[in-house]
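Undergrad: With the input below, show me the fold.
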Amino acid sequence: MSMSKNKNVLILKKVEQLNDIYDTYLYANSLIEQNQSPDVLFTTQETIDAIRKIEEFSAAYISDIEVQDTGYTEFKGLVELIDGELRKTDAIGNHESIASQWIHDEILTSVPEQNKTYFKKELEIPDGLERTVKNVIEKIYDLQPKENFLMMMPLLNRERLDSKKPEDHYHQQVEFIKRIAEQSISLGANPIIQMIVPQKATDQGSVLTQILYSIHGLEFSKEIDTSIFQAYKKFSEAINIPENIPMPQAHMELRGDGKEGMNFFGTHVGYQIGPGTGKDIPLWDDPLSMILQPPYIGTSVIDKREPALRKCLFQTLPLELSTQTMDIDWNKMWEDNTRIKEIGDRVDRIEVKGNLVDVGDEQFKSYFAVELVKPDGEHRIFTKSDSNCRTIIDEEKTIARGSPIGTFANGPGGEAYVNPERVVGPREHSPADTAYLEHINEQYGGGAFGKIVGTYVGDVVMAMDKNYALKDQDASVTNKAIVIGFNENGHWKLLYAPKEITDKIEELSNEFKNLIKNMNEHKKMSDNDYMFNLGLMKQIGEFAINTNEKAPPDELYLIAAEKAAGCIHLAVMSGYDADRAGTVRQIPHWDIVGDAKRQKLDIVGYDSMGGQHYLMNQGNLIANTTQAHGLDGITGEGPVDIK
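TA: Numbers count the residues shown, from 1 in each chain. Have a look, this model is predicted:
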């Protein structure tokens with residue numbers, strides 16, 4: 001029936017049954033131990049009934065059984081059209097169907113009682129958890145009555161079960177999600193809880209995500225005048241999809257190791273961009289991205305439809321760390337971010353210079369410049385808040401791009417960031433800096449990459465398919481750090497990294513290249529977009545200064561470390577501005593966090609008149625509203641230590 005080799009099990013629970021969440025979570029993980037693939041959904045009875053109907057229709061279609069039920073004729077017509085498109089791409093064989101993606105082998109509405117020893121005895125509820133839950137609902141989302149609030153959390157993937165590592169504390173997130181859902185209900189909102197098995201971004205998503213994502217994507221596209229979307233519109237009307245499987249307006253994703261996987265329909269058929277553009281491609285491959293229309297996917301600028309979803313991404317942190325990093329003075333943090341944005345938007349480039357640090361048998365330092373002005377004179381603009389998910393439309397980015405852009409945030413908050421025009425080397429070098437670059441070029445320069453003009457040391461954590469610690473527990477840099485170099489074109493090159501990271505970069509880069517090559521060959525990606533996405537892999541997609549005073553520079557949790565005051569981070573490959581954002585969700589965006597205090601970083605912005613604006617001195621964040629040529633030469637207020 002299903003293309004998956006493992007038995008697919010769907011556990012459906014009414015959201016009123018939240019007290020069953022612990023048993024349900026533990027039972028689902030026990031199924032993974034038995035090499036089964038569980039999906040879990042807490043939702044309304046209407047949605048449960050509609051999902052069951054879609055699965056029944058799918059099974060009947062596969063078995064060539066006629067069903068005398070409202071909506072089956074329309075369902076059959078839709079599936080026949082989709083299957084016709086799929087066969088053009090060789091995505092399915094002659095005897096398979098998109099309907100095979102929409103069937104679980106077993107559906108459960110109850111589970112056996114589990115041994116909840118952990119939740120009863122060992123789960124310590126940290127002080128401030130209730131305030132943290134309130135901050136999520138009020139400060140991050142500003143959740144409103146009657147809003148549909150999708151909360152997605154991971155089950156333990158097989159790698160985590162095999163390793164028995166406790167770092168991600170997935171099980172603690174059950175308590176976090178339960179409390180947020182309860183508060184949402186008391187507010188009058190409609191929480192929906194989905195639990196999935198994390199996997200690679202290039203792997204196929206679970207059966208439940210195939211059903212829900214496909215339905216949401218088709219629903220968003222049903223006014224497009226093509227045969228598939230018009231056939232879906234008839235099916236939607238027949239079983240009242242808008243009422244029975246309503247789209248969420250707010251989305252909270254707790255991410256562990258891995259992601260939700262690819263959407264089968266989106267990858268092999270594609271969701272067309274909105275009407276009125278005159279273009280058949282590029283296509284949306286991911287329905288949630290299409291509904292969200294986020295800044296990090298270039299297709300958002302082409303598609304003129306307004307987004308219908310806002311999303312905030314979290315990580316599976318221990319409860320105490322979630323509380324520590326979100327039970328904060330949000331107004332103070334936003335003020336600090338605003339100061340950085342004001343300076344960043346005033347200057348043409350930002351130079352970062354640090355001390356030499358030991359990395360293996362070599363010494364490296366962070367020594368680079370972030371250029372902020374495009375060739376046409378337009379300025380790259382800083383984003384001052386990374387955790388504001390209060391509105392569906394991101395007004396700041398919408399104004400900047402001239403097209404409706406959806407709000408995408410992540411929590412906890414604490415960074416002001418920009419998509420660099422280029423990352424190169426500083427303009428002026430001391431004799432010691434010149435000697436350093438000469439040595440680096442002797443060891444690592446030349447070839448097609450050319451001369452290395454700048455370097456960056458990441459010595460806290462890097463995030464790819466999972467988090468990779470870049471420092472030892474005793475905080476020494478040693479062999480775990482990653483070092484990248486920059487050439488005069490602003491391209492990056494890996495100079496040093498542990499073998500595990502080097503191998504993973506190569507593996508995931510090749511996976512993405514193969515993905516877009518396949519999409520291009522099957523006319524799901526234009527030649528221009530194919531070359532554009534390839535080019536982004538050489539770029540730096542983000543430069544950020546971190547401002548959360550309570551977030552630790554933790555080597556296990558990127559989402560905390562990339563917010564920790566006293567740190568900065570760069571991200572390689574895809575960025576956030578329209579001309580630096582990939583056209584597919586799977587394009588890599590890998591954050592690399594550096595410890596500014598350890599490296600004693602000086603960060604200075606230079607405006608077009610030669611004025612200097614200090615952002616950081618020896619790793620300490622400062623707010624400087626006065627132009628100066630050096631710390632000793634500042635007059636008036638001078639730099640104010642804000643950390």
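Undergrad: C-alpha only now, for contacts and for neighbours.
TA: Noted.
Undergrad: For this protein, which residues score under the pLDDT cut-off?
TA: 1-5, 90-95, 118-122, 157-169, 201-202, 257-258, 274-282, 472-479, 623-643 (pLDDT under 70).
Undergrad: For residue 463, see how far away the residue most central in space within it is.
TA: Centroid check for the chain by CA atoms, centre = their mean gives residue 313 as the closest residue, at 6.2 Å. Distance from residue 313 to residue 463, counting by CA to CA, to the nearest Å: 14 Å.
Undergrad: cool, residue 285 as well?
TA: Taking CA to CA, one finds residue 285 at 23 Å from residue 463.
Undergrad: quick one: which of the two has more around it?
TA: Remark: of residue 285 and residue 463, residue 285 carries more neighbours, 27 against 19, as counted by other CA atoms under 10 Å.
Undergrad: which SS class is the nearest residue to the more buried one once chain neighbours are set aside?
TA: Nearest non-adjacent residue to residue 285, counting by CA to CA, 6 or more residues apart in numbering: residue 266, 4.1 Å away. Residue 266 carries the three-state label helix when classified by DSSP: H, G, I helix; E, B strand; the rest coil.
Undergrad: dump the residue contacts of residue 266.
TA: Neighbouring residues of residue 266 by CA atoms under 8 Å, 6 or more residues apart in numbering: 214, 284, 285, 286, 287.
Undergrad: Report the contact partners of the residue lying closest to residue 595 once chain neighbours are set aside.
TA: In space, and not counting its chain neighbours, residue 595 is closest to residue 567: 4.6 Å by CA to CA, 6+ apart. Residues counted as contacts of residue 567 (CA under 8 Å, 6+ apart) are 545, 546, 553, 561, 593, 594, 595, 596, 597, 619.
Undergrad: What ranges does the stretch 301-450 of the chain have for its helices?
TA: For the stretch 301-450 of the chain, the helices defined by DSSP state H, counting those that start in this stretch occupy 319-326, 330-344, 395-401, 431-444.
Undergrad: out of those helices, which comes closest to residue 218?
TA: helix 395-401 (24.4 Å; CA to CA).
Undergrad: Show me what that closest one is packed up against.
TA: With contacts defined as 3 or more CA pairs under 8 Å, 6 or more residues apart in numbering; DSSP states H and E, helix 395-401 has no helix or strand neighbours.
Undergrad: Give the buried residues for it.
TA: The neighbour-count check on helix 395-401 (16 or more other CA atoms under 10 Å) flags 397, 398 as buried.
Undergrad: Could you do stretch 126-142 as well?
TA: 128, 129, 130, 132, 133, 134, 135, 136, 137, 139, 140, 141.
Undergrad: just stretch 435-446 next, same as before
TA: So for stretch 435-446, counting by 16+ other CA under 10 Å, buried means 436, 437, 438, 440, 441, 444, 445.
Undergrad: got the contact list for that stretch?
TA: With CA under 8 Å, 6+ apart as the test, stretch 435-446 has contacts from 451, 452, 453, 454, 495.
Undergrad: go again using 7 Å as the cut-off
TA: Contact partners of stretch 435-446, identified using CA atoms under 7 Å, 6 or more residues apart in numbering, comprise 451, 452, 453, 495.
Undergrad: Which among the contacts of residue 266 count as buried?
TA: Applying 16+ other CA under 10 Å to the contacts of residue 266 flags 214, 284, 285, 286, 287 as buried.
Undergrad: Mind checking which of those land in strands?
TA: Judged by DSSP state E, these include residue 284 as members of strands.
Undergrad: what's near enough to touch the closest residue to residue 580 other than its chain neighbours?
TA: Nearest non-adjacent residue to residue 580, counting by CA to CA, 6+ apart: residue 574, 6.1 Å away. The neighbours of residue 574, taking CA under 7 Å, 6+ apart as the test, are 536, 537, 541, 580, 581, 582, 587, 588, 589.
Undergrad: Next: residue 18.
TA: Shown in contact with residue 18 (CA under 7 Å, 6+ apart): residue 178.
Undergrad: got the buried residues for stretch 203-223?
TA: Buried residues in stretch 203-223, counted by 16+ other CA under 10 Å: 204-222.
Undergrad: now the buried residues of stretch 126-142 in TSV, with secondary structure?
TA: Putting the buried residues of stretch 126-142 into TSV (three-state DSSP) gives the following:
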residue	secondary structure
128	coil
129	helix
130	helix
132	helix
133	helix
134	helix
135	helix
136	helix
137	helix
139	helix
140	helix
141	helix
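Undergrad: and which of the residues you listed is nearest residue 423?
TA: Among those, and counting by CA to CA, the member closest to residue 423 is residue 140, at 31.2 Å.
Undergrad: for the top helix by length along the chain, packing partners?
TA: Secondary structure assigned by DSSP state H gives helix 499-521 as the longest helix of the chain. Judged by 3 or more CA pairs under 7 Å, 6 or more residues apart in numbering; DSSP states H and E, helix 499-521 is in contact with helix 527-536.
Undergrad: Just the buried subset of the contacts of stretch 435-446, please.
TA: Buried among these by 16+ other CA under 10 Å: 451, 452, 453, 495.
Undergrad: contacting residues around the closest residue to residue 267 other than its chain neighbours?
TA: Distances taken as CA to CA, 6+ apart place residue 285 nearest to residue 267, at 4.9 Å, with adjacent residues excluded. Shown in contact with residue 285 (CA under 7 Å, 6+ apart): 266, 267, 270, 271, 584.
Undergrad: burial count for the third one?
TA: Yep, that's residue 270 we're talking about. Burial of residue 270 is recorded as 22 neighbouring residues (other CA under 10 Å).
Undergrad: can you check residue 590 too?
TA: Neighbour tally, residue 590, other CA under 10 Å: 21.
Undergrad: Now it: closest residue in space, sequence neighbours ignored.
TA: In space, residue 590 is closest to residue 571, 5.0 Å off (CA to CA, 6+ apart).
Undergrad: The strand or helix carrying that neighbour pairs with which strands, parallel or anti?
TA: Per DSSP states H and E: residue 571 is located in strand 567-573. Here strand 567-573 is paired, per DSSP bridges, with strand 540-546 (antiparallel), strand 589-595 (antiparallel).
Undergrad: Which residues does the first one contact?
TA: Okay, so that is strand 540-546. Counting by CA under 7 Å, 6+ apart, 414-420, 423, 562-575, 580 sit against strand 540-546.
Undergrad: hang on, the earlier thing: nearest to residue 233 among the contacts of residue 285?
TA: Closest to residue 233 out of the contacts of residue 285 is residue 271 (14.1 Å), distances taken as CA to CA.
Undergrad: who's that closest one bridged to?
TA: residue 284.
Undergrad: what do you get for residue 38?
TA: For residue 38, the beta-bridge partners are residue 9 (DSSP bridges).
Undergrad: Tally up the residues packed near it, please.
TA: Residue 38 has 28 nearby residues by other CA under 10 Å.
Undergrad: I figured residue 195 hits residue 37, correct?
TA: No. With contacts counted by CA atoms under 7 Å, residue 195 stays clear of residue 37, the gap being 11.2 Å.
Undergrad: quick revisit: same list, the contacts of stretch 435-446, but as TSV with distance to residue 24 please.
TA: Listed next are the contacts of stretch 435-446 as TSV, based on distance: CA to CA, whole Å:
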residue	distance to residue 24
451	56
452	54
453	54
495	46
